[in-house]
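Q: Sequence first, predicted coordinates after that:
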Amino acid sequence: MISGARQGSPAGLRRLFAAAMARDLRAFVVPGAEVARARGLDVEAAGLGMTGVPRHASVLLVVGELPAALRRAAAVVYAQMMRPRAVLAAGAGDLSPLPGADVSVGLSQEELEEGVARLRTAFARGAFAPGAAGFEPEMLRARTEYACPMHPEVVQDEPGACPKCGMELVSREAADGGSGPHHGGDHGGANGDHGHGGHGHGGMGFMSMVEMTKDLPRSSDGLPMEWVEAPFGPLFPGLPGGLFLKLTLDGDTVAEASPSACGWASPGPLTGPADALAERLAGIDPLSPASYRVLALRAVEDAAGAGADERTARARAGALERERAASHLGWLSGFAYLIGHRWLARRAAELQLAVLRAEPAGMPGLRAAARSLARRIERTPLLARRLEGIGALPGGTGASGPVARAAGVRTDARCGEGAYRALGFEPVVREGGDALARLRVRLAEIEESLGLAAAAGSLDIPAPRTATGASGAGAATVETPRGTATLRVALSDGEVVSAELEGPSARHLALVGRVAEQRELADALVGVASLDLSPWETAR
Amino acid sequence: MSALAVLAALLAGAYLVAVLEGWSATGRLRPAGPAVSAAALLGRESVVPRRPDRVLFEAAPLLLLVSAVLAAAVLPLSPRLVVADLATGALFVNAALAYVMVALLMAGWGPDAAYAMVAGWRFLGQLLGYSMPIVMAIAAIAMRAESLRNTEVVASQAALPNALYQPVGFAVFFLAAMCLAFLPPFDLPTAPGELAGGVEAEYAGARLAVMRLGRMVLVVALSAAVTVFYLGGWLGPALPPWAWSAIKTLAVAAAMLLAGRYVPRLREAQVLAWWWKLGIPLALLNIFWVGVVLLVAE
Amino acid sequence: MSAQALFTGFFGVAAVWFGVVVFRTSSMVRSALALLFSQAAIGAMFLAMQAEFLGVLQVMMMATEMSIMAIFMVMYMMDPGGLGEMEMTHQKRASIAAGALAALAAAGVAALTDWGPAAAAPPAAEQTERLGAEMLGRSMLIFETAGVTILTAMIAATAVAIERRRRR
């Protein structure tokens, strides 16, 4: 019996349904398809169809270890899935409050495919079971309270009439303050929260439409409408997994946007033996592990007073550039999915997996493929119109990485590194500062990175010299695919005594408000996606 | 008897279009795909969201299916294979398809969820764009046929199909049909990336199966409408008439499904601007053009 | 003949029933959609009375019109879902009086007028042709005036609603 079996005895017609369901598995990927791809997993090739709608999914695919907040959000998604449903865990550890994984595999494509085969047999046999139980974790139980639709501040625990206007109080779920902003999952499940922006009227006499709406703040399209709070995330299919975006919609214009990210718990990975710092930092961000590994290695070397030789620096540059190309391709695939360009989403995902699995000899071929992809994108009809002027940010907002370079700011941490200068590196800068410019910057960077990786000749980070017994303080900066990251460490006898990590996404999170507010919903989401946020590299 | 044959053909057409859609989405041709998916959907439980508008929630998928079937009922496969050859057939197609809008509005409002609601209203915005040009295109067709009866519309194309006679009207109707069926790139109501499924998001199980079936039948009905109005319906050498209808309908459906893969979704403001500033003037020009040609060719 | 009377009566009753639902429900969207189906029932009545073009036209127009009315209701009404069970009716006495009076007047006109013998309806294609000839002949002035007036109103409303834009 699978964990989410449906009540009923598996006889007759139901067996047919179960067999059909086993052949037509659809997976909802947690924390997101981009994380699965970044770890080298090709979900569709393994036989699972992908869907972004929990109610249409039959399998919850968990990739990698999840922080507690995301596990709770995943439990909400699981509760929304229709039975029969199952959990497939790939390299995930403890899954509570989700039920235990029905099939558990490691983080490799072969194991995933074998796991899917096992899942199919489990479905065919166990989709219907007489003793199936529901899924009701404590956190999902809702308390009912009664509120006045016109005066949201009037709240009571029993039904009755509003003391201010006499209207009947309407029941709704109480917002559970304990589990923080991740309650409510990624669907409008706990919706019904119609906040009214201040109606000023007296008495219950006849109210004309004009009177009723005259005090509402006007949104940018000039239409005063009712304000609805809609949560987008933390497992929203169009945005990076782990990013929680609470939007207040005025009709279909975004009136307010407040983002928050799942992040890593400070100072957790930073403390401990210096030799293992690289491993710990690489575990923070599944989307760009190599960058953080290199950052840790360089910071420790700087603190120990030892430098890296030229060969190591070149190899590290090769690894960094390979990851940059893969990360940008992964972003491109998710972005194309958001704007509804299905062909591009598939092609970019294919290329990303090819880059992640490539040998140094294959780099020139991939570079040619990336160049033809970029040319084809430029020729796509309507794409420029779709993206022009969306998510515009002027230069000098404190951004870094492609976001800054798309606004004409020539800032790149790689300019100051010897290995890059030897490889002939030039930063890619464009004007415009909008989503289209960012797309162009990243496309050009993909091509450039593949060329640099080919020139560097090696794509794996060589093993570092051991740092036992080292002491001192040092700092290092690395240009991650999303921007500049800085690490300052102080070592004492081979142990990290104090450390400070600054990633680019924290500053970019602060820009979400400027990008999204007063924009139509789709444009706001496109703007947020064009910032290429990684919710993992912000400190909680 | 012929009515049953047409309905059976409609169902077969819907199945083939579903296979085509699966192929265009995943790149793999799975002939048994829709049957397996349908069986899988029927086996899943179906829940009703909290505090829905129950009547609207339940009625929406049914209304979508019914309006698509009604529209297909007046479109002929061959001179004798038509469920009801109404004298106002061409207009009736549009009348039936107007209820697709009502169905999506119900589906958007019914579940009491933010994504569905935004999706439902977005479709209304799309409707404001395409609803005038589609009727104007039909008017131009009726002008040439001097009748609204669908069989006569096809017969009037014996010399030259309307796609060549009124190419502007053909383009306008084809694009308006894609908007009506909310196929990509006009899929604002179900935007997978932006609205996590939109109007379809809260449906599951048997209701979702009805909704998907309704959507497929709608695509078939619109393809059949394009075939009857612009491609000469059953006219063609060598093969029997119903074979020509079937081939043309499937070709149009394939074109509609493939067109959207290579283009990003249009913004709602863009859709409206283009329809009103470009689409309606072109449709009016088309009517004028057809009128001139008819008078000159007399 | 009797089947026709049956269907006409059925659709008439449906139209009245949906009309009552419009005012009995407190959900704005349901109200708009009930009005839609009421008008569609009237269109079906036309079809039952063999006025094919008019019936199809009525059914088609009402779908679009009422949907747009639904969005206006959602935009401007405070509680479009009808969840608050607010008292939605105003000026009860005056409206009941006006409604009763109008109903009496309509029934009176329907019953007391000499409508003449009911002619058999001409075939549908001929009806369309005659309607077209009428609109472009005797009634052309009426329809053209109405059309231009509506167009002017549309343009004026749009012009008033647009904010003045600075030229770039």
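A: Done, it's in. Residues are numbered from 1 along each chain as shown, chains lettered A, B, ... in the order given.

Q: Spatially central residue for the chain, please.
A: Picked chain A for this. By CA atoms, centre = their mean, chain A has its centre lying nearest to A:Pro240, at 2.0 Å.

Q: Sorry, I should have been clearer: chain C.
A: Short answer for chain C (CA atoms, centre = their mean): C:Gln39, at 5.0 Å.

Q: Dihedrals phi and psi, the closest residue to that one other than its chain neighbours?
A: Once flanking residues are discounted, C:Gln39 sits nearest to C:Met62: 3.9 Å by CB to CB, 6 or more residues apart in numbering or on different chains. No exception for glycine: its C-beta is placed from N, CA and C like everyone else's. Main-chain torsions, C:Met62, degrees, to the nearest 10: phi -70, psi -30.

Q: how distant is the helix or strand containing the residue nearest to the centre of chain C from the center of its chain?
A: According to DSSP states H and E, C:Gln39 maps onto helix C:28-48. For helix C:28-48, the gap between its own C-alpha mean and the chain's C-alpha mean amounts to 8 Å (CA atoms, centre = their mean, to the nearest Å).

Q: That one - contacts with which helices or strands?
A: Counting contacts by 3 or more CB pairs under 8 Å, 6 or more residues apart in numbering or on different chains; DSSP states H and E, helix C:28-48 packs against helix B:54-73, helix B:89-109, helix C:2-24, helix C:52-76.

Q: Output those in TSV, with distance to A:Val409 appended to each entry.
A: Output for those, formatted as TSV (distance: least, CB to CB, whole Å):
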stretch	distance to A:Val409
helix B:54-73	50
helix B:89-109	43
helix C:2-24	60
helix C:52-76	42
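
Q: would you turn those into CSV with distance to A:Ala27 and mean neighbour count?
A: Formatted as CSV, the helices and strands packed on helix C:28-48 follow (distance: least, CB to CB, whole Å; neighbours: other CB atoms under 10 Å in any protein chain shown):
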stretch, distance to A:Ala27, mean neighbour count
helix B:54-73, 25, 21
helix B:89-109, 25, 26
helix C:2-24, 43, 14
helix C:52-76, 36, 21
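
Q: Adding distance to A:Leu48 and mean pLDDT, write these out as JSON lines.
A: Formatted as JSON lines, the helices and strands packed on helix C:28-48 follow (distance: least, CB to CB, whole Å; pLDDT from 0 to 100):
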{"stretch": "helix B:54-73", "distance to A:Leu48": "26", "mean pLDDT": "91"}
{"stretch": "helix B:89-109", "distance to A:Leu48": "27", "mean pLDDT": "91"}
{"stretch": "helix C:2-24", "distance to A:Leu48": "46", "mean pLDDT": "91"}
{"stretch": "helix C:52-76", "distance to A:Leu48": "39", "mean pLDDT": "87"}
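
Q: for the strand or helix carrying B:Val252, packing partners?
A: Element membership for B:Val252 (DSSP H and E) is helix B:241-259. Packing partners of helix B:241-259 (3+ CB pairs under 8 Å, 6+ apart): helix B:2-26, helix B:167-180, helix B:205-230.

Q: again, only this time at 6 Å
A: helix B:2-26, helix B:205-230 (3 or more CB pairs under 6 Å, 6 or more residues apart in numbering or on different chains; DSSP states H and E).

Q: got the buried residues for the shortest one?
A: This means helix B:2-26. Within helix B:2-26, the residues scored as buried using 16 or more other CB atoms under 10 Å in any protein chain shown are B:5-6, B:9-10, B:13-24.

Q: Closest one to A:Leu41 out of those residues, please.
A: Nearest to A:Leu41 among these, counting by CB to CB, is B:Gly22 at 22.5 Å.

Q: quick one: the closest one and B:Gly33 touch, right?
A: Yes. In this structure, B:Gly22 is within contact of B:Gly33 by CB atoms under 6 Å, at 4.6 Å.

Q: For A:Arg386, which non-adjacent residue is closest in space?
A: B:Pro264 (4.9 Å).

Q: ok so, going back, avg pLDDT for the next helix-or-strand element following the helix holding B:Val252?
A: Later in the chain than helix B:241-259, the nearest helix or strand by DSSP H and E is helix B:268-274. What helix B:268-274 shows for mean pLDDT is 88.

Q: Following element in sequence after helix B:268-274, please.
A: Stepping forward along the backbone from helix B:268-274, the first helix or strand reached (DSSP H and E) is helix B:280-297.

Q: is chain C contacted by that following helix?
A: No. Using CB under 6 Å from any CB of the partner chain, helix B:280-297 never reaches chain C; the gap is at least 11.9 Å.

Q: residues of that helix that come out buried?
A: Residues B:Leu282, B:Ala283, B:Asn286, B:Ile287, B:Trp289, B:Val290 are the ones in helix B:280-297 that count as buried (16+ other CB under 10 Å).

Q: The residue lying closest to the last one once chain neighbours are set aside - how many residues pack around it?
A: Translated: B:Val290. In this structure, B:Val290 finds its nearest non-sequential neighbour in B:Ala140, 4.6 Å apart by CB to CB, 6+ apart. B:Ala140 has 28 neighbouring residues, counting by other CB atoms under 10 Å in any protein chain shown.

Q: Now do the helix or strand hosting B:Ala140, average pLDDT.
A: Here B:Ala140, judged by DSSP H and E, is contained in helix B:114-145. Mean pLDDT, computed over helix B:114-145, is 88.

Q: do stretch A:494-505 as well
A: Stretch A:494-505 comes out with an average pLDDT of 84.

Q: chain center to that stretch: distance?
A: 23 Å.

Q: Need the contact partners of that stretch.
A: A:270-271, A:273-274, A:277, A:400-401, A:468-470, A:482-490, A:533-534, A:537-538 (CB atoms under 6 Å, 6 or more residues apart in numbering or on different chains).

Q: Mark which of those are buried, thanks.
A: For those, buried by 16+ other CB under 10 Å: A:270, A:274, A:277, A:400-401, A:470, A:482-490, A:533-534, A:537-538.

Q: from these, which ones fall inside strands?
A: Using DSSP state E, A:Gly483, A:Thr484, A:Ala485, A:Thr486, A:Leu487, A:Arg488, A:Val489, A:Ala490 are the members of those that sit in strands.

Q: got a markdown table for those residues, with pLDDT and distance to chain C too?
A: Formatted as a markdown table, these follow (pLDDT from 0 to 100; distance: CB to the nearest CB, whole Å):
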| residue | pLDDT | distance to chain C |
| --- | --- | --- |
| A:Gly483 | 88 | 32 |
| A:Thr484 | 90 | 35 |
| A:Ala485 | 90 | 39 |
| A:Thr486 | 90 | 41 |
| A:Leu487 | 89 | 46 |
| A:Arg488 | 88 | 47 |
| A:Val489 | 87 | 51 |
| A:Ala490 | 86 | 54 |
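
Q: Greatest separation within those residues: which pair is it?
A: In terms of CB to CB, these reach their longest pairwise distance at A:Gly483 and A:Ala490, which sit 24.2 Å apart.

Q: before we move on, the earlier item: buried residues in the helix holding B:Val252, which are they?
A: B:241-242, B:244-246, B:248-250, B:252-254, B:256-257, B:259.

Q: Give me the pLDDT for the residue of the stretch 1-150 of chain B found nearest chain A.
A: The stretch 1-150 of chain B approaches chain A most closely through B:Gly43 (2.8 Å), counting by CB to the nearest CB. Looking at B:Gly43, its pLDDT reads 81.
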